[in-house]
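Q: pasting the sequence and the predicted model now:
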Amino acid sequence: MNGINTILLLLCANVFMTLAWYAHLKMGEFEWFQKWPLILVIVASWGIAFFEYCLQVPANRLGFEGNGGPFSLMQLKVLQEIITLVVFLIFSVVAFQMQIRWNHIVACLCLIGAVYFVFGFK
């Protein structure tokens, strides 16, 4: 159960991270937002990122095998990166209408390979 909870927490954390890092690019389409100084955009992004940390830290503590979880440190990192890229891909398609190209698919296949190598050999 710790593994599932870890993955769910990482998923939620990465939604906040993606919003903190990239939502301001979409918000730039609004005239009222364009008037914000960069420092205000940074503070707003940090405010959103706070919630990422509130989920990311418990996910890592819960999932780490040193704390009784099912994942090694490397496995946690690869999971986090995979989840980050999946969330970003969904966000970029939905928010920015990004077209998925063949090289994106190849990159995803490489990530599947990374998962295989990190989880498949102990």
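A: Sure thing, it's come through.
Q: all helices of the chain, in order?
A: Taking DSSP state H, the helices of the chain run over residues 2-27, 31-34, 38-63, 73-96, 102-120.
Q: tell me which of those helices sits most buried.
A: Mean neighbour count (mean count of other C-beta atoms under 10 Å) peaks for helix 2-27 among the helices of the chain, with a mean of 18. For glycine as for every other residue, the C-beta is placed from the backbone atoms N, C-alpha and C.
Q: about what we covered before: would you format the helices of the chain as TSV with mean pLDDT included?
A: Formatted as TSV, the helices of the chain follow (pLDDT from 0 to 100):
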stretch	mean pLDDT
helix 2-27	93
helix 31-34	88
helix 38-63	95
helix 73-96	91
helix 102-120	85
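Q: measure Lys35 to Ile42 for me?
A: To Ile42, Lys35 is 15 Å away according to C-beta to C-beta, to the nearest Å.
Q: and for Asn67?
A: 33 Å.
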